[in-house]
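Asker: Pasted the sequence and its predicted model underneath.
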Amino acid sequence: MAALENKLIEYEGIRYTAYDAQPSNSYVDWTICVGFNLKRSEARSVFSTVLPGVSFDSVYAGHTSLSRAQCMSLFGHDLTKTYIPRAQTVAGSQFCGLPVNVKIALVSAVYRGDLAYSHKTAQYMRAGNWCSVPAEYLNYYQYTHCHQLGIPGVCTRMKWNADQFQTMCHHG
């Protein structure tokens, strides 16, 4: 779990006060901690469950900062309740037998929304067709246009994920 958390923090960063995750876009994407989206439908209920006593409205307005421990509580909740199960669903029955680096890449991909159950990439994974996974995974608008969109970090993260997926392609 620590390796997974560290890899996601490496790409996401950790910010203790609400910020706009898409500053180049007209949509204000209020986010805090390690990519915790404050506008998502269940954000308020997750806050009340994980951080009882912390004013969601004050955090949302940027008046209250969270501590690292509070951020890690939100992050841990998201990983265990949402993103690891989602990655398990995407990869199917083979998830448990995958190497740690591939599991981390899978969770990273679902965490940022690059990979979902219905995507062709996920279909290749579940079929065991790992040699087709990296190219299909990188066939993604935000990856192919990351510099024009002002999100070069997306390219770095997705390339790392694709490299991990490539390790599953055995020639011979």
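Answerer: Sure thing, it's come through.

Asker: What lies in contact with the strand ranked longest in the chain?
Answerer: Using DSSP state E, we find that the single longest strand of the chain is strand 15-20. With C-beta atoms under 8 Å, 6 or more residues apart in numbering as the test, strand 15-20 has contacts from 28-33, 38, 59-62, 65-68, 71. Placement of C-beta: from N, CA and C, glycine included.

Asker: now the helices: where do they sit in this structure?
Answerer: In the chain, helices defined by DSSP state H lie at 2-12, 43-50, 56-60, 68-78, 84-91, 100-111, 120-126, 133-138, 141-144, 152-166, listed in chain order.

Asker: need the ones you listed in a markdown table with mean pLDDT, distance to P23 and mean neighbour count, can you?
Answerer: Shown next, in a markdown table, are the helices of the chain (pLDDT from 0 to 100; distance: least, C-beta to C-beta, whole Å; neighbours: other C-beta atoms under 10 Å):
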| stretch | mean pLDDT | distance to P23 | mean neighbour count |
| --- | --- | --- | --- |
| helix 2-12 | 89 | 15 | 16 |
| helix 43-50 | 96 | 20 | 16 |
| helix 56-60 | 97 | 17 | 16 |
| helix 68-78 | 96 | 20 | 16 |
| helix 84-91 | 96 | 27 | 19 |
| helix 100-111 | 95 | 20 | 22 |
| helix 120-126 | 96 | 28 | 19 |
| helix 133-138 | 97 | 25 | 20 |
| helix 141-144 | 92 | 15 | 14 |
| helix 152-166 | 94 | 13 | 19 |
